[in-house]
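*Asks:* what follows is a predicted structure for the sequence shown.
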2 protein chains.
Amino acid sequence: TLPKNISYSNRGMTLESDLNETNLYYLEQGIAVIHKKPTPVQIVQVDYKSRSTAVIKEAYFKQPSTTDYNGVYRGRYIDFEAKETQNITSFPLQNFHAHQIEHMKRIVEQNGICFVILRFAKSEDIFLLESQYLFKFWDRMVLGGRKSIKKVEIEEVGHKISLGIQPRIDYINIINHLYHFGETNS
Amino acid sequence: TLPKNISYSNRGMTLESDLNETNLYYLEQGIAVIHKKPTPVQIVQVDYKSRSTAVIKEAYFKQPSTTDYNGVYRGRYIDFEAKETQNITSFPLQNFHAHQIEHMKRIVEQNGICFVILRFAKSEDIFLLESQYLFKFWDRMVLGGRKSIKKVEIEEVGHKISLGIQPRIDYINIINHLYHFGETNS
Ligand SMILES: [Mg+2]
Ligand SMILES: [Mg+2]
């Protein structure tokens, strides 16, 4: 049986594949070691046909309890989530889960570098938003405020990333500026 | 069909569950944020029975290209692999894959904190071995030397971890000593 909602499941693939390419570039150039975590799966039934081949016959997608990407840059821990929206003027906060926000708050407490990469699919605008701003917008929602971040708000406190060729989405360049790694790296 | 080799697949569960408990303790106490990565799975066929339930009907285990555990401790990136053996006097290097060693070398180049936790199941001895020593033993094998690390070698350069109650395997305590985090943490 083929997935019915193929267009839905392909949504988000542009950002993900651009980030995978970016991370591969960082890896090969020795700039940073950042990987996407495997999709968490609850395995229920496995068929051991031969000694070498195990076929998973029944499994379910689990909700991720952390973010999708993490790794190391110059000894510092890097952690981020990437999301995109078809909306034009705002970014829906329902794209995030409460336990992901909880995870990001813990990372910040441990002095890790934590942010989200947000993409507006229609305009192809990409922003890096530091997690402390995401927390503010999230907490505003929890207190009864709007369930999304206005694009103008993201433009105000976020950092726009222009799409490049190599690397595609150069978020490390933003991190260099924010954490003053820049001087010895350029 | 139930797995034929249930004893084989349960091998390693003691160390893994002790480390999961340890990491949960660190998380709840605000000491460190370290997670085990999900098992990487290649998904081939998915059944969308309803809008909310997707059942994975065919998938395969993929060989991990990184280590199993990573996270953040006081801003620093932590990365490790955990392995156990039934052997008494040596630890087989075949427990590691070449691309895992490659990954660990990249982590060290990025100034990350990288090590392995080795357990001798029979004696229940647990050691933290810093990755630079693992690389030496690995390279010795690649150059035609022995395919395992002698337990006496591990005792010489590794750090024994006594099993505790809370946390079970207090590897952060070793990291404190090795990286001089100790003074303000005790
Ligand atoms: Mg995600
Ligand atoms: Mg493993």
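*Replies:* Alright, I've got the coordinates. Ligands and ions are numbered 1, 2, ... in the order given.

*Asks:* ok, the nearest residue to A:His97 once chain neighbours are set aside to chain B distance?
*Replies:* Once flanking residues are discounted, A:His97 sits nearest to A:Gln63: 6.5 Å by CB to CB, 6 or more residues apart in numbering or on different chains. Just so you know, the C-beta spots here come from the backbone N, C-alpha and C atoms, and that holds for glycine as well. Shown here: A:Gln63 relative to chain B, a distance of 12 Å by CB to the nearest CB, to the nearest Å.

*Asks:* same deal with A:Tyr69?
*Replies:* Computed as CB to the nearest CB, the A:Tyr69 to chain B distance reads 11 Å.

*Asks:* swap in A:Ser90?
*Replies:* Counting by CB to the nearest CB - A:Ser90 and chain B are separated by 25 Å.

*Asks:* try A:His97
*Replies:* With the distance defined as CB to the nearest CB, A:His97 ends up 15 Å from chain B.

*Asks:* now A:Val44
*Replies:* Here the criterion is CB to the nearest CB. By it, A:Val44 lies 9 Å from chain B.

*Asks:* okay, and that residue sits in which element?
*Replies:* Element membership for A:Val44 (DSSP states H and E) is strand A:41-48.

*Asks:* okay, now the sheet partners of the following helix or strand past that strand, with direction.
*Replies:* Once the chain leaves strand A:41-48, the next helix or strand it forms, by DSSP H and E, is strand A:54-61. Strand A:54-61 has its sheet partners listed here by DSSP bridges as strand A:41-48 (antiparallel), strand B:54-61 (antiparallel).

*Asks:* list of residues touching the biggest helix by length in chain A?
*Replies:* The helix that spans the most residues within chain A, counting by DSSP state H, is helix A:13-28. Helix A:13-28 is contacted from outside by A:31-36, A:69, A:71, A:82-84, A:117, A:119, A:121, A:126, A:163, A:166-172, B:106, using CB atoms under 8 Å, 6 or more residues apart in numbering or on different chains.

*Asks:* of those residues, keep whichever come out buried.
*Replies:* For the contacts of helix A:13-28, a neighbour count by 16 or more other CB atoms under 10 Å in any protein chain shown gives the buried set as A:31-35, A:69, A:71, A:82-84, A:117, A:119, A:126, A:167-172, B:106.

*Asks:* ranges for the helices of chain A?
*Replies:* A:6-10, A:13-28, A:98-109, A:131-142, A:151-157, A:171-178.

*Asks:* and B:Ile43, which of those is closest to it?
*Replies:* Closest to B:Ile43 of the helices of chain A, according to CB to CB: helix A:6-10, at 11.0 Å.

*Asks:* per-residue confidence averaged over the closest one?
*Replies:* Mean pLDDT, helix A:6-10: 43.

*Asks:* ok, longest strand in chain A?
*Replies:* With secondary structure taken from DSSP state E, chain A has its longest strand at strand A:76-85.

*Asks:* for that strand, packing partners?
*Replies:* Packing partners of strand A:76-85 (3 or more CB pairs under 8 Å, 6 or more residues apart in numbering or on different chains; DSSP states H and E): helix A:13-28, strand A:69-73, strand A:90-92, helix A:98-109, strand A:113-120, strand B:69-73, strand B:76-85.

*Asks:* tell me what angle that strand forms with helix A:131-142.
*Replies:* 50 degrees (axes from the mean of the first three to the mean of the last three CA atoms, to 10 degrees).

*Asks:* quick check: angle from strand A:76-85 to strand B:113-120?
*Replies:* For strand A:76-85 against strand B:113-120, the angle by the same axes, to 10 degrees is 100 degrees.

*Asks:* quick one: distance of strand A:76-85 to the chain centre.
*Replies:* Distance of strand A:76-85 from the chain centroid (CA atoms, centre = their mean, to the nearest Å) equals 3 Å.

*Asks:* that strand to helix A:98-109, inter-axis angle?
*Replies:* In terms of direction (the same axes, to 10 degrees), strand A:76-85 departs from helix A:98-109 by 150 degrees.

*Asks:* show me what A:Thr85 bridges to in the sheet.
*Replies:* So, taking DSSP bridges as the rule, A:Thr85 has A:Phe120 as bridge partners.

*Asks:* what is the neighbour count of it?
*Replies:* Counted by other CB atoms under 10 Å in any protein chain shown, the residues lying close to A:Thr85 total 19.

*Asks:* same thing with A:Leu128?
*Replies:* As a burial measure, A:Leu128 scores 22 neighbours (other CB under 10 Å).

*Asks:* tell me what it is bridged to.
*Replies:* Beta-bridge partners of A:Leu128, as defined by DSSP bridges: A:Ile117, A:His159.

*Asks:* if I pick it, what's in contact with it?
*Replies:* Taking CB under 8 Å, 6+ apart as the contact definition, A:Leu128 lies against A:Phe115, A:Val116, A:Ile117, A:Gly158, A:His159, A:Ile161, A:Tyr171, A:Ile174.

*Asks:* and the gap between it and A:Lys151?
*Replies:* 14 Å (CB to CB, to the nearest Å).

*Asks:* lowest average confidence, helix or strand, in chain A?
*Replies:* Lowest on mean pLDDT, DSSP states H and E among the helices and strands of chain A sits helix A:6-10, with a mean of 43.
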